[in-house]
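Engineer: just a sequence and a predicted model for now, questions to come.
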Amino acid sequence: MRIGIYGTGGLGGLIGARLALAGEDVVFIARGEHLRALRAQGLRLEGASGEHVIRPVAATDDPAEAGVCDVVLVTTKTWQVPEAARAMGPMLGPRTVVVPLVNGVEAPDQLAEVLGRERVAGGLARVIALRAGPGVIRHVGMEPACAVGELDHRRTERMERLRAALERAGIRTEIPDDIHAALWAKFLFVVGWGAVGAVTRAPVGVLRALPETRALLAQAMAEIEAVARARRIALPEDITPRTLAALDTLPPEGTASLQRDIAEGRPSELEAWSGAVVRLGAEVGVPTPVHGFIHTALLPAERRARGEIAFPG
């Protein structure tokens, strides 16, 4: 199976490396110094997955050079998904399926708008990994897991083949009955936590311990749940208390990627997280005051990180 990894950061690098180590034919889309290191030194995987070097590595910044794949896993940042959809045409054959593993719930529709809905499936990943340097991926923690599934809920051979390939790579993978519900359940977890963490700048141990911030977490999650139900997403009845209970199991020093990006002055996924809650809620008439406030409060820092405005501090 030829698998394209479109975006070779922490997530894409880890999943692609594990697939390559399992014998799959993997090609990476990367750029800049990272790409040059992959070509010169191979891909180094370190941390919880052990120490491995994949060499040589098929890596390019040109989708035409990558060639046609059976599966393209999109592992970019959320704001790069539309650009990736427009660029990946040379990687698509008549039977290619494109599976986004990005944060958020909008990527399948963004890809389908460009590529056609029949080419796109849904997916999500759970793992903590980062790019530790050019050509180096560090698996920080959490045994990698994925969920993949057709947008119309059919059980298909292409999803079974992808699941089997990921399982051979040591990535626990399920095909849920409803991939949309799985995507929204993860969205409720990461966005509820990440949004409150970003605006308070406190680690999860503090957020869940203080009654005031724990209540804010519950309100942020409840807004996402309300938007999902208005959009006919079949979430479990106890999704918000269950998700709060899951936060109680995290290391107390834990922070979400949105919080880290905002704090360190990098472009973040704010628009695809709280911004999406506000947009998607407005479409179905569901008020989202918590996420509206958080989105507005963080917007100046986000615009500054993207070079759109400048101010000290």
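Structural biologist: Received it, and whenever you're ready, just let me know what you need.

Engineer: next one: stretch 64-81 to chain centre, how far?
Structural biologist: 13 Å (C-alpha atoms, centre = their mean, to the nearest Å).

Engineer: for it, buried residues please.
Structural biologist: Neighbour-count burial for stretch 64-81 flags 66, 69-79, 81 (criterion: 16 or more other C-beta atoms under 10 Å). Backbone N, C-alpha and C define where each C-beta goes, glycine included.

Engineer: among these, find me the one that's closest to residue 285.
Structural biologist: residue 78 (24.5 Å; C-beta to C-beta).

Engineer: which residue ranges make up the domains of the protein?
Structural biologist: According to automatic domain parsing, the chain comprises the domains 2-177, 181-305.

Engineer: let me have the ones you listed in JSON lines, extended by distance to residue 311.
Structural biologist: As requested, these are exported to JSON lines (distance: least, C-beta to C-beta, whole Å):
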{"stretch": "domain 2-177", "distance to residue 311": "22"}
{"stretch": "domain 181-305", "distance to residue 311": "6"}
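
Engineer: just send the ones you listed back as TSV, with mean pLDDT and distance to residue 313 too.
Structural biologist: Putting the domains of the chain into TSV (pLDDT from 0 to 100; distance: least, C-beta to C-beta, whole Å) gives the following:
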stretch	mean pLDDT	distance to residue 313
domain 2-177	96	24
domain 181-305	96	9
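
Engineer: please identify the residue most distant from the middle of the chain.
Structural biologist: residue 312 (31.0 Å; C-alpha atoms, centre = their mean).

Engineer: what's the separation between it and residue 263?
Structural biologist: 17 Å (C-beta to C-beta, to the nearest Å).

Engineer: over to residue 224?
Structural biologist: Residue 224 is 22 Å from residue 263, where distance means C-beta to C-beta.

Engineer: so the two - more neighbours on which side?
Structural biologist: residue 224 (33 against 14; other C-beta atoms under 10 Å).

Engineer: what helix or strand is the more buried one on?
Structural biologist: helix 211-230 (DSSP states H and E).

Engineer: now that helix, how far from the chain's geometric center?
Structural biologist: 21 Å.
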